[in-house]
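# no letters, just coordinates:
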């Protein structure tokens, strides 16, 4: 609930970046074919925020749902997480959302992803030290834990990197992880 209050206030005050889309969204769209994805696939964006990436994604995919729980966010569709059946999407996309969750919540999310689905995410990782917006809690993701969790759930990690320079904003250059994984059917 503390996180929800933070984000409601954040959007109400108009603190979100106005440039659109993020470098991650641009990189993702440019690399679809490289990782076996196509624009014909359905996609859900988790933690869509102000819709910064959503606009680009909607121009490139036929079927898109964008979800954010902030009541101050009027640009994206608001669906309760319980109403969002992750099994009905080909791609689960999230930017700066995983680090808002606990490891248990991330684990539960991964457990819900069905076979054949891509998991595409960008997030802050262990070792990052926020410069801006230090007034809310973040879970700095352990990349080793995340990749082990994915692989133990039958995901093939197709791409990952951890570095600075991926999400610069004002005077901040956070330590960022990016991952693309696909869940394979083992039946």
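Okay, I see it. Keep in mind that this is a model prediction, so the values were computed, not measured.
# and the residue nearest the centre of the protein?
residue 94 (1.3 Å; C-alpha atoms, centre = their mean).
# quick one: secondary structure of that residue?
Per DSSP: H, G, I helix; E, B strand; the rest coil, the local secondary structure of residue 94 is strand.
# distance of the nearest residue to it once chain neighbours are set aside relative to residue 92?
Leaving aside its sequence neighbours, residue 94 sits nearest to residue 46 (C-beta to C-beta, 6 or more residues apart in numbering; 4.3 Å). C-beta: built from backbone N, CA, C; applies to glycine. Distance from residue 46 to residue 92, counting by C-beta to C-beta, to the nearest Å: 6 Å.
# who touches both of these two?
When C-beta atoms under 8 Å, 6 or more residues apart in numbering defines a contact, no residue borders residue 46 and residue 92 alike.
# the residue nearest to the centre of the chain touches residue 49, doesn't it?
No. Using C-beta atoms under 8 Å, residue 94 makes no contact with residue 49, being 10.3 Å away.
# which SS state does residue 179 fall under?
strand.
# what about it, how many residues close to it?
Each residue near residue 179 was counted by other C-beta atoms under 10 Å, and the total is 22.
# for it, name its beta-bridge partners.
Taking DSSP bridges as the rule, residue 179 bridges to residue 121, residue 160.
# OK, contacts around it?
Residues near residue 179 by C-beta under 8 Å, 6+ apart: 119, 120, 121, 143, 146, 147, 150, 157, 159, 160.
# separation between residue 52 and residue 35?
Between residue 52 and residue 35 the distance is 22 Å, computed by C-beta to C-beta.
# residue 178 too?
12 Å.
# swap in residue 44?
Separation of residue 44 from residue 35 (C-beta to C-beta): 17 Å.
# having no further points to raise, I will conclude here.
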